[in-house]
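Q: Quick check, what structure comes out for this input:
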Amino acid sequence: MLSTDYLAGSIYHMVHFANLRQVFQRGAILSKEKVAQEGISYQSIAYKSVQNLRDRIYVYDFSEGRYRPLHSYVPFYFAIRTPMLYVQYTKGLQDEIVIFEISRSVLKEQGVIFTDGNASNQQLGRSTEEIAMIVPATVSQDICRRSYRPDGRPGGSNPDRSDFYADVAFLDRLNWNIINGRNFLEEEEKRIKHAEVLIPDLLPLGKVQGLYVCTPEKEQAVNTLIREIGLDGRIPFAQTKPELFF
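A: Below you'll find the model as predicted:
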């Protein structure tokens, strides 16, 4: 049975400060696909190799009756202090990161899905061109199904694949000990720590419950931008929360 605790918390999305003005002016966090459609330039913090894998993943949307590119979703994490954030720390970029917090209740909205690990882990080969077609688990079909095109088989050898879910009843399948823990030394721990909530197309800023940065200087810069664009009173002011960072 689903514990209400799974829906009581928050989920998080990282934005580089250089992209914040565009996010604020647009009034939403956009999916990678939508950013491209609207011709918006931005500074990426993602590995190009991982983005190339995500380019080759399509997820069945039951509400629309079609497969959607993974890049048509805005990704949020259940966890804080993720391996992806640690990469920004090692690059000396952590102070430029702004963390957006929203309620997990978004999981109950139409079209929102989630995974039990990094969505890019689908056994795709890095030097091959096959694509993965994912059908999330539902109450009526409780197994995540996947197929590969054009040859029906994956090109990669890593057996650790992340499953997709289209109903909050499956939140109890996630490894919450790793998601909520502080350690991710093994590759499988890194995959699980990156369990995602995937929101179709965009996340309106009206859903944002918190904005967090690592330093008081960045807090001041973010809040100056909020006032400049006229969002004060419409979204929360940024707060310095070093405990969310490395």
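Q: Buried residues in stretch 98-116, which are they?
A: Neighbour counts over stretch 98-116 (16 or more other C-beta atoms under 10 Å) mark 98, 99, 100, 101, 102, 104, 107, 112, 113, 114, 115, 116 as buried. From N, CA and C alone the C-beta is placed, and that goes for glycine too.
Q: residue boundaries of the helices in this protein?
A: All helices of the chain, identified by DSSP state H, fall at 5-8, 20-26, 32-37, 48-54, 83-90, 176-180, 187-193, 216-229.
Q: Minimum distance to residue 203: which of those has it?
A: Between residue 203 and the helices of the chain, the tightest spacing by C-beta to C-beta is seen for helix 20-26, at 9.7 Å.
Q: Now do the spatially most distant residue from the centre of the chain against residue 128, distance only.
A: Within the chain, residue 151 marks the point farthest from the mean C-alpha position, 29.2 Å out by C-alpha atoms, centre = their mean. Per C-beta to C-beta, to the nearest Å, residue 151 is found 9 Å from residue 128.
Q: who's in contact with stretch 222-235?
A: 17, 20-21, 24-25, 98, 205-206, 208, 211, 213, 237-238 (C-beta atoms under 8 Å, 6 or more residues apart in numbering).
Q: Select only the buried ones of those residues in ChimeraX?
A: To isolate the buried ones among the contacts of stretch 222-235 in ChimeraX, judged by 16+ other C-beta under 10 Å, type:
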select :17,20,24,98,205,208,211,213,238
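Q: Restricted to strands, list the buried residues of stretch 98-116.
A: Applying DSSP state E to these, the entries found in strands are 98, 99, 100, 101, 102, 113, 114, 115.
Q: With that, I have no additional questions.
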